[in-house]
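Chemist: The sequence isn't on hand, but the structure is:
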């Protein structure tokens, strides 16, 4: 058994085309799994070999800092299923709610498009976010006034060590700002197999995000398709296409800071924006506020700056890009320089949203 290599398992594989940064790191072993059985076999191979495991989706939120010495498994599980209109039993007598389940390997944007075309509403604000469905709950992805936790009903997961399959409710996912239980106490213990969403048959547009409301201000009755198209247009005007310019989307989280600290900063930087945040009870916090990392980075003078073949994107300083042939070391150096500059100027430590693999190097 120790010499057994499963079908589809490859050795010494370049992962450059499997991460949106386009970083050329190599995996000792790599396989894409299309079924639960293939996934179980890959995990068994990893256990027998006593190697570390890295699970990839679309590779859109990772920075591969070095070659990976273990087994890289890319989740390629596919399928979208309408489970049911929830009806009376879920307190929805008009049957306006419905449950839609998508496999973890489905492309996120294509899934949002699918729901829109089928008349399953709620996810339009999350259009054009790169990555897979399986990554959505891990990251609690969010954009333009919506976070995935608002629409998520359940997540089916596989226990890496026991092989057991279980279903976690939205509450069990312990969602926070760009955070979940999968990045905390269940990190490295569970693999997302599919995600179930509670969506609506009837249009419920969310225009709480100012830029989106402005983009649709000329419409008297905007529909989900209008929101979808506007979000795509805004994102394309601000964010680079990873197929053209390697990137992992927003590199840093928007910091959440004490209101007292914000008030002190505003006395020096009167134009510093802020946004409300929710407390653990889901109510607007009276003591914490969120500030835009992009504003901090630009004011610190880093918009458009270059480090080797890595750079801060000129149209959106929250995005670091691979100008062609950038190394992970160049991106790491650039990120650290930005973090140090922002901390010196504002006494705010930026936190990367992108996952560094292995974990962020010391220093």
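Modeler: Sure thing, it's come through. A quick note: this is a predicted structure, and the numbers were derived from the prediction, not measured.
Chemist: buried ones in the worst-scoring helix or strand of the chain on mean pLDDT?
Modeler: Considering only helices and strands, the least confidently modelled element of the chain by mean pLDDT, DSSP states H and E is strand 275-278, at a mean of 84. Within strand 275-278, the residues scored as buried using 16 or more other C-beta atoms under 10 Å are residue 277. C-beta: built from backbone N, CA, C; applies to glycine.
Chemist: Distance from the chain centre to that strand, please.
Modeler: 20 Å (C-alpha atoms, centre = their mean, to the nearest Å).
Chemist: chain center to stretch 111-125: distance?
Modeler: How far stretch 111-125 lies from its chain's middle: 18 Å, per C-alpha atoms, centre = their mean.
Chemist: Tell me the buried residues in that stretch?
Modeler: Here stretch 111-125 shows 111-116, 120-125 as buried, counting by 16+ other C-beta under 10 Å.
Chemist: For residue 132, give me the backbone phi and psi.
Modeler: Backbone torsions for residue 132, taken as degrees, to the nearest 10, come to phi -110, psi 170.
Chemist: Can you give me the neighbour number for it?
Modeler: Residues near residue 132, counting by other C-beta atoms under 10 Å, number 29.
Chemist: For the protein, just list every one of the helices.
Modeler: Taking DSSP state H as the test, the helices found in the chain are 36-49, 108-118, 135-139, 210-215, 224-238, 259-266, 293-299, 328-346.
Chemist: what is the rounded mean pLDDT of the third one?
Modeler: When pLDDT is averaged along helix 135-139, the result is 95.
Chemist: for that helix, packing partners?
Modeler: In terms of contacts (3 or more C-beta pairs under 8 Å, 6 or more residues apart in numbering; DSSP states H and E), helix 135-139 is packed against strand 152-159, strand 190-200.
Chemist: ok and the shortest one relative to helix 36-49, angle-wise?
Modeler: Angle of strand 152-159 versus helix 36-49, following axes from the mean of the first three to the mean of the last three C-alpha atoms, to 10 degrees, is 40 degrees.
Chemist: Tell me which residues are up against strand 152-159.
Modeler: Residues outside strand 152-159 that contact it (C-beta atoms under 8 Å, 6 or more residues apart in numbering): 36, 39-40, 99, 136-137, 164-170, 173, 175, 186, 189-198.
Chemist: looking at the helices and strands packed on helix 135-139, which is closest to residue 237?
Modeler: Evaluated over the helices and strands packed on helix 135-139, closeness to residue 237 peaks at strand 190-200, with 27.4 Å, by C-beta to C-beta.
Chemist: ok, and what's touching that closest one?
Modeler: Contacts for strand 190-200 (C-beta under 8 Å, 6+ apart): 36, 39, 55, 75, 77, 79, 83, 86, 96-104, 115, 120-123, 133-138, 151-160, 165, 182.
Chemist: Kindly recompute the last result at 7 Å.
Modeler: Residues outside strand 190-200 that contact it (C-beta atoms under 7 Å, 6 or more residues apart in numbering) are 36, 55, 77, 83, 96-104, 115, 120-122, 133-134, 136-138, 151-160, 165, 182.
Chemist: still on that earlier bit, pLDDT and distance to residue 9 added to the buried residues of stretch 111-125, as CSV?
Modeler: CSV is the format used below for the buried residues of stretch 111-125 (pLDDT from 0 to 100; distance: C-beta to C-beta, whole Å):
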residue, pLDDT, distance to residue 9
111, 98, 28
112, 98, 32
113, 98, 33
114, 98, 31
115, 97, 34
116, 97, 37
120, 95, 37
121, 96, 41
122, 96, 39
123, 97, 35
124, 97, 39
125, 97, 39
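Chemist: Now for these: which two are most distant?
Modeler: Spanning the widest gap among these are 114 and 125, at 15.9 Å by C-beta to C-beta.
Chemist: which helices and strands does the least confident helix or strand of the chain pack with?
Modeler: With contacts taken as 3 or more C-beta pairs under 7 Å, 6 or more residues apart in numbering; DSSP states H and E, strand 275-278 sits against strand 284-290.
Chemist: Sheet-wise, list the partners of the strand it packs on with their directions.
Modeler: Strand 284-290 has the following strand partners under DSSP bridges: strand 256-258 (antiparallel), strand 275-278 (antiparallel).
Chemist: Just put those strands in CSV and tack on distance to residue 317.
Modeler: Converted to CSV, the strands paired with strand 284-290 look like this (distance: least, C-beta to C-beta, whole Å):
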stretch, distance to residue 317
strand 256-258, 19
strand 275-278, 17
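Chemist: Out of these, flag the one nearest residue 264.
Modeler: Nearest to residue 264, of all these, is strand 256-258, at 9.4 Å by C-beta to C-beta.
Chemist: mean confidence score for that closest one?
Modeler: For strand 256-258, the mean pLDDT works out to 96.
Chemist: Also stretch 323-334?
Modeler: If you average the pLDDT over stretch 323-334, you get 96.
Chemist: Show me what counts as buried in it.
Modeler: Buried residues in stretch 323-334, counted by 16+ other C-beta under 10 Å: 326-328, 330-332, 334.
Chemist: Show me how far stretch 343-354 is from its chain's centre.
Modeler: 19 Å.
Chemist: Now do it, average pLDDT.
Modeler: Here the average pLDDT along stretch 343-354 is 96.
Chemist: Pull the residues that contact it.
Modeler: 61-63, 178, 248, 250-253, 255, 257, 265, 293, 296, 300, 335, 338-339, 342.
Chemist: what's the spacing between stretch 258-268 and its chain's center?
Modeler: 29 Å.
Chemist: Alright, that wraps it up for me.
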